[in-house]
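Undergrad: compute the structure for the input listed below.
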Amino acid sequence: MPLHDKKVVAVLPAYNAEKTLQATFDDIPQEWVDEILLVDDVSRDKTVELARTLPMRVVVHAKNRGYGGNQKTCYRTAMDEMGGEIMVMVHPDHQYDPKIIPQLVQPLLRGECEAVFGSRMLGGRPMEGGMPKWKYLANLFLTMVENATFYIFLSEYHSGFRAYSKRYLDAVNFEANSDNFVFDTEIIAQGVAKGMRIREVPISTRYFDEASQIGFWRSVRYGLGILKTMVFYKLHKKRIWSHRIFREPQRPLAAVSA
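TA: I've put the predicted structure just below:
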């Protein structure tokens, strides 16, 4: 008897994940995931070769599109080609524990919300996993700014372990978002603007050499991108000006068979 009645697709945005992909796959609770999709962003290692030996669908970009661009392919493929109703983003670098997937998808299956985010802050001691102190403090500051901007309360906005319903992804214009890391903040701003309900579950994070993470200066640019997104959100809510990310999504026309 299945544990759920909606199709759950685990999407793995991959870049140079050869060393950690197998461990990530092994930890995905198969009874909670109907299909797995890996989108490779032109890895320089053998990520694609390994992925093709595992029971998952593999899509390979012709050129590197960035973290946000990878997610766009993940969600569009999972929904349009695989019939996904709940999309769980699992980083294949094994930084987040895929065993938490049931906690992420259950509120969506019950219809309690349209998105569920893993929170390292709710996990108790985020620095014990190796999070740098500067990253922890920056996370707290940006989260405070985002809560004050959105008039909601989340303990964290910057975890990459998330689950979205198809309703959420259909409602927002995620194709208009950045191809870089600020995509994760833009898609939240879009959901909040649309009145989407968001829940959090506690998670822990592992920091190690093979786990992908951005350095200090890229984090500074990421932080500035978040603050800019907050300005765009306020302008949109006050009906002064709407940035393209807040405009209605343009649905692609159905392909015509030859």
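Undergrad: per-residue pLDDT, residue 92?
TA: Per-residue confidence at residue 92 stands at 97 (pLDDT).
Undergrad: my guess is it contacts residue 21. True?
TA: Yes. Shown here, residue 92 and residue 21 form a contact pair, counting by CB atoms under 8 Å, at 4.9 Å. Backbone N, C-alpha and C define where each C-beta goes, glycine included.
Undergrad: find residues that contact each of those two.
TA: Common neighbours of residue 92 and residue 21 are listed as 12, 14, 38, 47 (criterion: CB atoms under 8 Å, 6 or more residues apart in numbering).
Undergrad: thought residue 56 was touching the third one, still the case?
TA: Yes. With contact defined as CB under 8 Å, residue 38 reaches residue 56; the gap is 5.4 Å.
Undergrad: out of these two, name the residue with the larger neighbour count.
TA: Of the pair residue 38 and residue 56, residue 38 is the one with more neighbours under other CB atoms under 10 Å, namely 27 against 17.
Undergrad: tell me the mean pLDDT over the strand or helix carrying the more buried one?
TA: Counting by DSSP states H and E, the element that carries residue 38 is strand 35-40. Mean pLDDT, computed over strand 35-40, is 98.
Undergrad: what's it packed up against?
TA: strand 8-14, helix 47-51, strand 57-60, helix 66-80 (3 or more CB pairs under 8 Å, 6 or more residues apart in numbering; DSSP states H and E).
Undergrad: any idea how far apart the tips of stretch 115-132 sit?
TA: Taking CA to CA, to the nearest Å, stretch 115-132 runs 27 Å from one end to the other.
Undergrad: same question for it, mean pLDDT?
TA: 77.
Undergrad: stretch 143-151 too?
TA: pLDDT averaged over stretch 143-151 gives 98.
Undergrad: picking that back up, now do the shared contacts for residue 38 and residue 56.
TA: Common neighbours of residue 38 and residue 56 (CB under 8 Å, 6+ apart) are residue 12.
Undergrad: nearest residue to residue 178 in space, please, no chain neighbours.
TA: residue 68 (5.0 Å; CB to CB, 6 or more residues apart in numbering).
Undergrad: equivalent analysis for residue 230, please.
TA: Nearest to residue 230 is residue 149, by CB to CB, 6+ apart, at 4.5 Å.
Undergrad: now do the contacts for the one you found.
TA: So residue 149 contacts 230, 233, 234 (CB under 8 Å, 6+ apart).
Undergrad: buried subset of these?
TA: Buried members of the contacts of residue 149, counted by 16 or more other CB atoms under 10 Å: 230, 233.
Undergrad: now render the contacts of residue 149 as JSON lines, adding pLDDT, distance to residue 186 and secondary structure.
TA: Shown next, in JSON lines, are the contacts of residue 149 (pLDDT from 0 to 100; distance: CB to CB, whole Å; DSSP: H, G, I helix; E, B strand; the rest coil):
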{"residue": "230", "pLDDT": "98", "distance to residue 186": "11", "secondary structure": "helix"}
{"residue": "233", "pLDDT": "98", "distance to residue 186": "9", "secondary structure": "helix"}
{"residue": "234", "pLDDT": "98", "distance to residue 186": "14", "secondary structure": "helix"}
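Undergrad: just give me the closest of the contacts of residue 149 to residue 84.
TA: residue 233 (27.2 Å; CB to CB).
Undergrad: isn't that closest one up against residue 194?
TA: No. Judged on CB under 8 Å, residue 233 makes no contact with residue 194 at a distance of 11.7 Å.
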